[in-house]
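**Student:** Sequence isn't available, so here's the structure alone:
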């Protein structure tokens, strides 16, 4: 009798058989390459040579652990694209590449003689996904994750954001663009150029705020008593009892008789829920959440 033990479903590999060549350094390009690798792509990266013979990506110096994680399964080569030898190495790789991933300003690509017009003429089946800071006329402007996030209202006070939203959002958009490029090539029979702007990625992530959802007056911005971070006896608790059935369970636990939307927006409800959480530990609250089906998570101070 054969075993019927179920096995985890294998992750889909929509990019199996697709070869990607990356020239992109730092975070957004390598993060996109990591996602493409997870989708089955064969990934090669050309880095500039470092003076000491080590990796030519700055991230390998200031964040070795992150560099190692981003490049797991990626074949990393070195080539100085400002030399004939480097250009020859690049074009050897391009001749067998499906998608080229770059993260240069347009002027830098032009200096390396890598215009899309030339690439498309030499390699009609090649697609390019170009990661830039900002699109259009702003493509040459200096910028970084922090400036793009700040531009879209996602920096509060003097605190730095807890993660690199524009870079990681841009990496998602770039890996999506790789998939788009492959679909377009299959449909049109030729390679395509797609641009991904980190400023646009930050803007996309900021849409909930632009719609008013995460402003202080918004339901997920602090106005709803069931969707907030409250102090508790030994730390904090993030509670997300937004839907009516979750709000009802929270109110029942906190001794609030009504869980209507109007009640959940009232200052008295905020005070009652805060008082309830203040007398309990994280462990007690997480047990309560499990027992009463309330979405919450305990946090240290």
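**Tutor:** Sure, I can see it. The model shown is predicted, which means the values in this text are computed figures rather than measured ones.
**Student:** For the rest of this, base every contact and every neighbour count on C-alpha atoms.
**Tutor:** Fine.
**Student:** Give me the contact list for the least confident helix or strand in the chain by mean pLDDT.
**Tutor:** Lowest by mean pLDDT, DSSP states H and E among the helices and strands of the chain is helix 59-62, with a mean of 90. For helix 59-62, contacts defined as C-alpha atoms under 8 Å, 6 or more residues apart in numbering pick out 25, 26, 27, 66, 67, 68.
**Student:** give me phi/psi at the closest residue to residue 154 other than its chain neighbours?
**Tutor:** Closest residue in space to residue 154, ignoring its immediate chain neighbours: residue 206 at 6.9 Å, by C-alpha to C-alpha, 6 or more residues apart in numbering. Backbone torsions for residue 206, taken as degrees, to the nearest 10, come to phi -90, psi 0.
**Student:** Residue 206 contacts residue 152, doesn't it?
**Tutor:** Yes: counting by C-alpha atoms under 8 Å, residue 206 touches residue 152, with 6.2 Å between them.
**Student:** what sits against residue 112?
**Tutor:** 81, 82.
**Student:** ok, back up a step: what about the residue nearest to residue 154, how many residues close to it?
**Tutor:** 18 (other C-alpha atoms under 10 Å).
**Student:** Kindly report the same for the one 10 residues further on.
**Tutor:** Counted by other C-alpha under 10 Å, the residues lying close to residue 216 total 13.
**Student:** do the same with residue 168
**Tutor:** Residue 168: 20 neighbours (other C-alpha under 10 Å).
**Student:** Apart from its neighbours in sequence, what residue is nearest it?
**Tutor:** residue 28 (6.1 Å).
**Student:** Check residue 281 too.
**Tutor:** Spatial nearest neighbour of residue 281, excluding adjacent residues (C-alpha to C-alpha, 6+ apart): residue 233 at 4.8 Å.
**Student:** quick one: the strands in the stretch 1-150 of the chain?
**Tutor:** Assigned strands in the stretch 1-150 of the chain, in chain order: 19-22, 42-47, 75-78, 99-102, 127-132 (criterion: DSSP state E, counting those that start in this stretch).
**Student:** by contact count, what packs against the longest helix along the chain?
**Tutor:** Longest helix of the chain, by residue count under DSSP state H: helix 165-188. Using 3 or more C-alpha pairs under 8 Å, 6 or more residues apart in numbering; DSSP states H and E, the elements in contact with helix 165-188 are helix 28-38, strand 127-132, helix 145-151, strand 193-197, helix 198-205.
**Student:** so can I have CSV of the ones you listed showing mean neighbour count, distance to residue 10 and mean pLDDT?
**Tutor:** Listed next are the helices and strands packed on helix 165-188 as CSV, based on neighbours: other C-alpha atoms under 10 Å; distance: least, C-alpha to C-alpha, whole Å; pLDDT from 0 to 100:
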stretch, mean neighbour count, distance to residue 10, mean pLDDT
helix 28-38, 25, 11, 97
strand 127-132, 26, 27, 97
helix 145-151, 19, 34, 97
strand 193-197, 20, 29, 97
helix 198-205, 23, 30, 97
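**Student:** Indicate which one of these is closest to residue 240.
**Tutor:** helix 198-205 (19.6 Å; C-alpha to C-alpha).
**Student:** Can you tell me what sits against the closest one?
**Tutor:** With C-alpha under 8 Å, 6+ apart, helix 198-205 has contacts from 131-135, 145, 148-149, 152, 165-167, 169-170, 173.
**Student:** just stretch 261-280 next, same as before
**Tutor:** With C-alpha under 8 Å, 6+ apart as the criterion, stretch 261-280 contacts 223-226, 230-234, 237, 244, 247, 251, 254-256, 285.
**Student:** Report the buried residues of it.
**Tutor:** 263, 264, 265, 269, 270, 272, 273, 274, 276, 277, 278 (16 or more other C-alpha atoms under 10 Å).
**Student:** starting at the chain centroid, how far to that stretch?
**Tutor:** Centroid separation for stretch 261-280 versus its chain: 34 Å, with C-alpha atoms, centre = their mean, to the nearest Å.
**Student:** Ok, stretch 69-86 next?
**Tutor:** That offset, for stretch 69-86, works out to 24 Å (C-alpha atoms, centre = their mean).
**Student:** And stretch 243-257, by the same measure?
**Tutor:** With C-alpha atoms, centre = their mean, you get 34 Å for stretch 243-257.
**Student:** go on, stretch 210-220?
**Tutor:** 22 Å.
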